[in-house]
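K.L.:
Build me a structure from this.
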Amino acid sequence: MTNDHSVLTTPKALAILGLERGADLEAIKAAFQGLAASDHPDRPGGDPVRFNQVLLAYRYLQTQLPRSNSLDQGLELLAISPLEACRGGKRRLAQSVGPDLDVVIPAGLRTGERFNLASEPVEIVIRPEDNLSVEGDDLCLTLEASHSLLHSGGRLEFSLFDQPYRIWLSKPLAQARLIHLPGRGLPPRAGHGQGDAFVQLVPLASEVDGTPAQKRLRQFIADWIEL
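P.N.:
Just a heads-up that it's a prediction; the model follows:
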């Protein structure tokens, strides 16, 4: 079973979570929470590879089914980015009738929260963007890493909202493939506490089928067999 997010399909992602076609977001979230609790690397008997598969499947399904059927269906949606959820921002929205609407988006909005837009309530949806998504109060960043780094550890450099990070990963931490950044998620708001950030490491797309050295070795063996 692959860890490559790009080759996931809805049936594959549902199968990883043990669900059937037609599952709604409530069922998907419940399945994810149950599997994540048992497979998390910090838990006794946790499986980091399995946890990585479960997390990627869940994030993929979030992009396919961005709205929970438990929320009010009559409300309009306002989709915001993870950056807007963390820091707030300003947006100019075109209206079908009347002038454009200038909107100030406060920091800390959560998916499912109601927000008044021109005196009309809308429902907030935080859409995953590139390698960033939001789960509850927490920010989730997916990064590709080399086989060498995932296997042996080393220095990891990345940016989160233009904030550079340089982290030395021990071998166990690199093999767990999950880095916890306390206090780097969504800010407190309306009864929600300060969120954290999690960095999930996945294999480089170019190394999904093996490292360059492994590919050369396989090719050498194939050529030798044909002689």
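K.L.:
and this structure, what are its domains?
P.N.:
1-70, 76-126, 130-221 (automatic domain parsing).
K.L.:
which of these has the lowest average pLDDT?
P.N.:
Set side by side, the domains of the chain differ in mean pLDDT, and domain 1-70 is lowest with a mean of 73.
K.L.:
Can you give me the neighbour number for Gln53?
P.N.:
Using other C-beta atoms under 10 Å, Gln53 has 22 neighbouring residues. From N, CA and C alone the C-beta is placed, and that goes for glycine too.
K.L.:
Repeat that for Ala94.
P.N.:
8.
K.L.:
show me the contacts for the spatially closest residue to it that is not a sequence neighbour.
P.N.:
Distances taken as C-beta to C-beta, 6 or more residues apart in numbering place Asp100 nearest to Ala94, at 5.4 Å, with adjacent residues excluded. Going by C-beta atoms under 8 Å, 6 or more residues apart in numbering, Asp100 touches Arg92, Leu93, Ala94.
K.L.:
Would you check that the second one makes contact with Ile105?
P.N.:
Same thing as Leu93. No - in this structure Leu93 lies outside contact range of Ile105 using C-beta atoms under 8 Å: 10.6 Å.
K.L.:
With neighbour numbers in mind, choose between the two.
P.N.:
More crowded of Leu93 and Ile105, by other C-beta under 10 Å: Ile105, with 19 against 11.
K.L.:
wait, isn't that one in contact with Gly88?
P.N.:
Yes - taking contacts as C-beta under 8 Å, Ile105 lies within contact range of Gly88: 5.2 Å.
K.L.:
For the chain, which segments are assigned as helices?
P.N.:
Counting by DSSP state H, one finds helices in the chain at the ranges 10-16, 25-39, 48-64, 82-87, 147-152, 171-176, 212-226.
K.L.:
Tell me the spacing between Pro172 and Gly108.
P.N.:
Using C-beta to C-beta, to the nearest Å, Pro172 is found at 34 Å from Gly108.
K.L.:
Repeat that for Ala31.
P.N.:
Distance, Ala31 to Gly108, by C-beta to C-beta: 27 Å.
K.L.:
returning to what we had before: for Pro187, which of the helices of the chain is the nearest?
P.N.:
Comparing the helices of the chain against Pro187 with C-beta to C-beta, the closest turns out to be helix 82-87 (6.9 Å).
K.L.:
and that closest one, how far out from the chain's middle?
P.N.:
14 Å (C-alpha atoms, centre = their mean, to the nearest Å).
K.L.:
shouldn't Ser81 be in contact with Val125?
P.N.:
No - the pair Ser81 and Val125 does not pass the contact test of C-beta under 8 Å, sitting 10.6 Å apart.
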